[in-house]
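Undergrad: would you be able to build a 3D model of this:
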Amino acid sequence: MVVIVEDDHYILDFMKFTLEQQGYEVIPAADGQEGLDMIQSHLPILVVLDLMLPKIDGFTILKRMNEHAETAKIPVVIVSAYTASQSTRRMVQSQKNVREVFTKPIRSKEFVAKLKTIIGA
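TA: Have a look, this model is predicted:
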């Protein structure tokens, strides 16, 4: 199961559809609080996370995930327009559970290939 935390409904629907076509169960979340709740209650095999979110931002979600042993080991893929800045990209990549950073817009083939590598499928 994959949790996608993304506030842009078009991007969320695109990623959800793309992953479901590959056979993954997807739990969508449209804001940071909902995303954090889904991550903590479902303990997914992967989290796809935007950084700029309503209620709780992606940086806070990463921090909170790393505060608990059961969520700290869940791999995270960042998908955000905010990572176009090299300093932001380096800061995000320094988080121990972040496995990949994509800058929007993403290419679905590259996105799916990287997720499969991370998940090990």
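Undergrad: list the buried residues in the host helix or strand of Asp13.
TA: According to DSSP states H and E, Asp13 maps onto helix 9-21. For helix 9-21, the neighbour count (16 or more other Cβ atoms under 10 Å) marks Ile11, Leu12, Phe14, Met15, Lys16, Thr18, Leu19 as buried. In short, each C-beta sits where N, CA and C put it, glycine included.
Undergrad: now do stretch 56-75
TA: If you call a residue buried by 16+ other Cβ under 10 Å, then stretch 56-75 has these buried ones: Ile56, Asp57, Gly58, Phe59, Ile61, Leu62, Arg64, Met65, Thr71, Ile74, Pro75.
Undergrad: contacts for that stretch?
TA: With contact meaning Cβ atoms under 8 Å, 6 or more residues apart in numbering, stretch 56-75 is reached by 5, 31-33, 35-36, 39-40, 43-47, 49-53, 76, 78, 80, 92, 95-99, 118-119.
Undergrad: quick one: the helices in the chain?
TA: Ranges of helices within the chain are 9-21, 32-42, 58-66, 69-72, 86-93, 108-119, based on DSSP state H.
Undergrad: looking at these, which has the lowest confidence?
TA: Per-segment mean pLDDT for the helices of the chain reaches its minimum on helix 86-93, at a mean of 78.
Undergrad: now that helix against helix 58-66, angle please.
TA: With axes from the mean of the first three to the mean of the last three Cα atoms, to 10 degrees applied, the angle from helix 86-93 to helix 58-66 works out at 20 degrees.
Undergrad: and for helix 86-93, what's in contact with it?
TA: Leu51, Phe59, Leu62, Ile78, Tyr82, Thr83, Val98, Val101, Thr103.
Undergrad: just put those in TSV and tack on distance to Phe111.
TA: Output for the contacts of helix 86-93, formatted as TSV (distance: Cβ to Cβ, whole Å):
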residue	distance to Phe111
Leu51	16
Phe59	21
Leu62	19
Ile78	12
Tyr82	17
Thr83	14
Val98	15
Val101	12
Thr103	11
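Undergrad: can you pick out the most distant pair from the residues you listed?
TA: By the measure Cβ to Cβ, Leu62 and Thr103 form the most distant pair in these, at 16.9 Å.
Undergrad: how near is the spatially most central residue of the chain to Ile119?
TA: Nearest to the mean C-alpha position of the chain, by Cα atoms, centre = their mean, lies Val48 at 1.7 Å. As for Val48, its distance to Ile119 is 11 Å (criterion: Cβ to Cβ, to the nearest Å).
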